[in-house]
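>>> Sequence and predicted model, in that order:
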Amino acid sequence: MARDTLYRKIAKIIEGQIMSETLRIGDKLPSLRSIQTLYNVSLNTATQAFIELESRSLIESRPRSGYFVSKTSKRKLLLPSVSKPRVSAKEKNPEDLINKVFDTLRYKNIQQFSLGIPDQSLLPIAKLNKSVIKVTRSMEGCGTAVEPAQGSVNLRRNIAKWSMVLEGKISEEDLVTTAGTMSAIFYCLRAVTQPGDYIATESPAYFGILQLVRSMGLNIIELPTHPVTGIDIAALEKVIHKIKACCLVNNFSNPLGSLMPDENKKQLVKLLTHHHTP
């Protein structure tokens, strides 16, 4: 805990120098060894401080040269305003727009921001393919065997081992693995809703969730959402008597990227628990 606090403290000091322009764009930062000596910390703590700054685009690493103040450190983008969902008497079908978005995926000259997928150049494709082939060869029946409906027993057993953080109360029989996030959301909603029910979600929300909810015959109540703090809990409280479930992404939602503060999360859980709302 002390090391965690220490590396953040070092990162905050350097951030302050960047913000005050004591360190300017392109300036070279002290080496990791210098930071280690200056603050009397381990090399690992110094490295973590730099990783923290790099993750926030304040500094950048240059091979064999060290760390420098990044050009993006001074970039200030305006936050979008809190969303104001409009209730329309005439339902609009978003399918045409979504189809247009997917149609652009075949054009290599267009930089894609419509889907949260990394560019292939950022991935070790060859190594991933090699690993997949290696694992497939070692599997029983080379991966052609039919798995249980709940998913791979071995995978679920290994996930259950991490339940030590939940006092070890989860076993492999308590877990279901899915083909992806959307499948997981589908099973969750199917377990707690019926066609015609209302659910609440952020606005804007990931279009895949909207498509899924529509296909299940559910209705959506869109909640005003702040780009930093997430949904307006007061707005949820006004409609909670109407809804059967909430489908929220509180950590770095797509497309806003909002991260709900812990205090807001506690209020949200307290509200949902009081009304027995999944």
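Looks like it came in fine.

>>> and stretch 113-128, C-alpha only, in CSV?
What follows is stretch 113-128, C-alpha atoms only, in CSV (Å, rounded to 0.1, in the frame of the first residue of the first chain):
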residue,chain,number,x,y,z
PHE,A,113,-13.6,4.8,-34.2
SER,A,114,-17.0,3.1,-34.4
LEU,A,115,-15.9,-0.1,-32.7
GLY,A,116,-13.7,-0.6,-29.7
ILE,A,117,-11.2,-2.8,-31.5
PRO,A,118,-7.4,-2.3,-31.6
ASP,A,119,-5.7,-1.9,-35.0
GLN,A,120,-4.0,-5.2,-36.1
SER,A,121,-0.7,-3.5,-36.2
LEU,A,122,-0.8,-3.2,-32.4
LEU,A,123,-1.3,-6.9,-31.9
PRO,A,124,1.2,-9.7,-32.1
ILE,A,125,-0.9,-11.6,-34.6
ALA,A,126,1.8,-14.2,-35.5
LYS,A,127,2.4,-15.1,-31.9
LEU,A,128,-1.3,-15.3,-31.1
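
>>> who touches it?
101, 104-105, 254 (Cβ atoms under 8 Å, 6 or more residues apart in numbering). No exception for glycine: its C-beta is placed from N, CA and C like everyone else's.

>>> One more: stretch 219-231?
79-80, 82-85, 196-205, 210, 213, 232, 235-236, 239, 242-243, 248, 250, 253, 256-261, 264, 268.

>>> and the residues you listed, which are buried?
83, 85, 197, 199-205, 210, 213, 232, 235-236, 243, 248, 250, 253, 256, 258-260, 264, 268 (16 or more other Cβ atoms under 10 Å).

>>> So which of those residues belong to helices?
Counting by DSSP state H, the part of those found in helices is 210, 213, 235-236, 264, 268.

>>> just those residues now: which is nearest S171?
L268 (28.7 Å; Cβ to Cβ).

>>> pretty sure the closest one is touching N250, no?
Yes: judged on Cβ atoms under 8 Å, L268 makes contact with N250 at a distance of 7.5 Å.

>>> intersection of neighbour lists for these two?
Residues touching both L268 and N250 by Cβ under 8 Å, 6+ apart: M260.

>>> Strands of the stretch 101-250 of the chain, start to end?
198-203, 219-226, 230-231, 245-247 (DSSP state E, counting those that start in this stretch).

>>> Rebuild those strands as a markdown table, extending it with distance to L123.
Listed next are those as a markdown table, based on distance: least, Cβ to Cβ, whole Å:
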| stretch | distance to L123 |
| --- | --- |
| strand 198-203 | 28 |
| strand 219-226 | 31 |
| strand 230-231 | 30 |
| strand 245-247 | 29 |
